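# give me the fold of what follows.
(one chain, ligands or ions: 1)
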Amino acid sequence: MERKQFDLGDVVQMKKPHPCGTNEWEIIRMGMDIRIKCVHCKHSVLIPRAEFEKKMKKVLRQAASDSAQSDPEGH
Ligand SMILES: [Zn+2]
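Residues are numbered from 1 along each chain as shown. A predicted model of the protein is given here:
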């Protein structure tokens, strides 16, 4: 099983888009719970980590960091 990788500042896609029509969420807080913010309407939601991992589809953009560049797309 591959673990989903995500980090603070990443923009992720969820399985369900926000009612505003956008499916891009920025991770603005990491902890036991994850807080994500809709990039379009700025609405933010707090989700337990386990639930977030279930609902998150993929990482669209990673926050600027040096270590994340060698990771190939997909799989
Ligand atoms: Zn929204």
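# could you look up the SS state of Glu53?
Of the three states, Glu53 takes helix under DSSP: H, G, I helix; E, B strand; the rest coil.
# up against the ion, what does the protein have?
Within reach of the ion by C-beta under 5 Å from the ion, the chain has these residues: 18, 20, 22, 38, 40-41, 43. C-betas here are computed from N, CA, C, even on glycine.
# in stretch 8-18, what's buried?
10-12, 14, 18 (16 or more other C-beta atoms under 10 Å).
# in JSON lines, list those residues along with pLDDT.
Below are those laid out as JSON lines (pLDDT from 0 to 100):
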{"residue": "Asp10", "pLDDT": "97"}
{"residue": "Val11", "pLDDT": "97"}
{"residue": "Val12", "pLDDT": "97"}
{"residue": "Met14", "pLDDT": "97"}
{"residue": "His18", "pLDDT": "95"}
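# and which of these is nearest Met30?
Asp10 (9.7 Å; C-beta to C-beta).
# tell me which stretches of the protein form helices.
49-55 (DSSP state H).
# tell me which residue is most central in it.
Val12 (3.2 Å; C-alpha atoms, centre = their mean).
# for this protein, what are the low-confidence residue spans?
1-3, 65-75 (pLDDT under 70).
# can you give me the neighbour number for the spatially closest residue to Arg29 that is not a sequence neighbour?
Once flanking residues are discounted, Arg29 sits nearest to Arg35: 3.6 Å by C-beta to C-beta, 6 or more residues apart in numbering. Arg35 has 17 neighbouring residues, counting by other C-beta atoms under 10 Å.
# equivalent analysis for Cys41, please.
12.
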